[in-house]
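Visitor: what follows is a predicted structure for the sequence shown.
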Amino acid sequence: MGRKVIEAVLGHDALSLAGAVERPDCPVLGQDVGQLAGLGPLGLPLLGDLASVSETAKLYVDFTTPEAVLANLAKAAPKKLAAVIGTTGLTADQQKALAEAAKTVPVVWSPNMSLGVNLMFKLAQLMAQSLGPEFDAEIVEAHHRLKKDAPSGTALKLHEIVARAKSLEPEASLVAGRKGLVGARTDSEIGVLAVRAGDIVGDHTLLLAGPGERLELTHRAHSRDTFAAGAVRAAVWVASQKPGLYSLADVLGL
């Protein structure tokens, strides 16, 4: 994702690249960022600390880990850096800490930086509300075999949206897969199935099944360029915002 974001930034007229950061023990620290990204030399060494980035920087894009997200926000606050965060897997406490940090700087956080997925969130809410309790909701997500968290952050966000639209408590309604004699499906559950295989970039399907018919809403990501493009669009938008925690729905005007 770092390479994809660099490429997207360089291709955008309103943005310029001030630096790039990796974990402190990354073996290629100090090497030219452009060469590492396969784009030719840019004269910018890969850094191991966000605090070392040039003072000309106005915002940063973060695709790391939940722990690194909070550490980076702490270093970004003194610099007044706006943030675009596409990291998934944040716990409830980490999300609270993220919201607290956003009181001093503008932050766009989304578990999925795809523009299409964020429109899917809006459509899923409309579908679940319109079809009502007679329609059961199930979610299937598929990702590459190396993905560490399951279900995906996108699937969990989709589940939360659908649960609230159906007047269900998100935490109580989540059924992450089924096995054995589980009995008949209840009206208060939403199943979320995670598939891990090959090099699947990211597929998400919401299934709403009722009497005599079913409706399926699917998004498929063909390339990580999709997430980089969404992050760059969010970066252009957040640069002019007041401190606060925003989503990609805000960026899209949804």
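Guide: In hand now; what should we look at?

Visitor: buried residues in the helix of greatest length in the chain?
Guide: If you go by DSSP state H, the chain has its longest helix at helix 115-131. Neighbour counts using 16 or more other CB atoms under 10 Å place 115, 117-118, 120-121, 124-125, 127-128, 131 of helix 115-131 among the buried residues. C-beta coordinates here come from the backbone N, C-alpha and C atoms, glycine included.

Visitor: could you pull out the strands for the stretch 101-250 of the chain?
Guide: Applying DSSP state E, counting those that start in this stretch to the stretch 101-250 of the chain gives strands spanning 106-109, 136-143, 174-175, 190-196, 202-210, 213-221, 244-246.

Visitor: in JSON lines: those, plus distance to C26.
Guide: Formatted as JSON lines, these follow (distance: least, CB to CB, whole Å):
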{"stretch": "strand 106-109", "distance to C26": "24"}
{"stretch": "strand 136-143", "distance to C26": "24"}
{"stretch": "strand 174-175", "distance to C26": "35"}
{"stretch": "strand 190-196", "distance to C26": "26"}
{"stretch": "strand 202-210", "distance to C26": "25"}
{"stretch": "strand 213-221", "distance to C26": "26"}
{"stretch": "strand 244-246", "distance to C26": "29"}
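
Visitor: so how far is E55 from L10?
Guide: From L10 over to E55 the distance is 21 Å, taken as CB to CB, to the nearest Å.

Visitor: same check on D149?
Guide: D149 sits 35 Å away from E55, going by CB to CB.

Visitor: and P78, how close does it get to M113?
Guide: According to CB to CB, P78 and M113 sit 26 Å apart.

Visitor: of those two, who's got more company?
Guide: M113 (30 against 9; other CB atoms under 10 Å).

Visitor: how about low-confidence regions in the stretch 101-250 of the chain?
Guide: Applying pLDDT under 70 to the stretch 101-250 of the chain flags no residue at all.

Visitor: now the phi/psi pair for the residue nearest to S247 when sequence neighbours are not counted, please.
Guide: Nearest-residue entry for S247: S110, 5.5 Å, with adjacent residues in sequence omitted and distances by CB to CB, 6 or more residues apart in numbering. Note on S110: its backbone torsions stand at phi -140, psi 140 [degrees, to the nearest 10].

Visitor: contact partners for S110?
Guide: Taking CB atoms under 8 Å, 6 or more residues apart in numbering, we find S110 in contact with 85-86, 118, 230, 234, 247-248.

Visitor: which one of these is nearest A102?
Guide: Nearest to A102 among the contacts of S110: I85, at 9.8 Å, using CB to CB.
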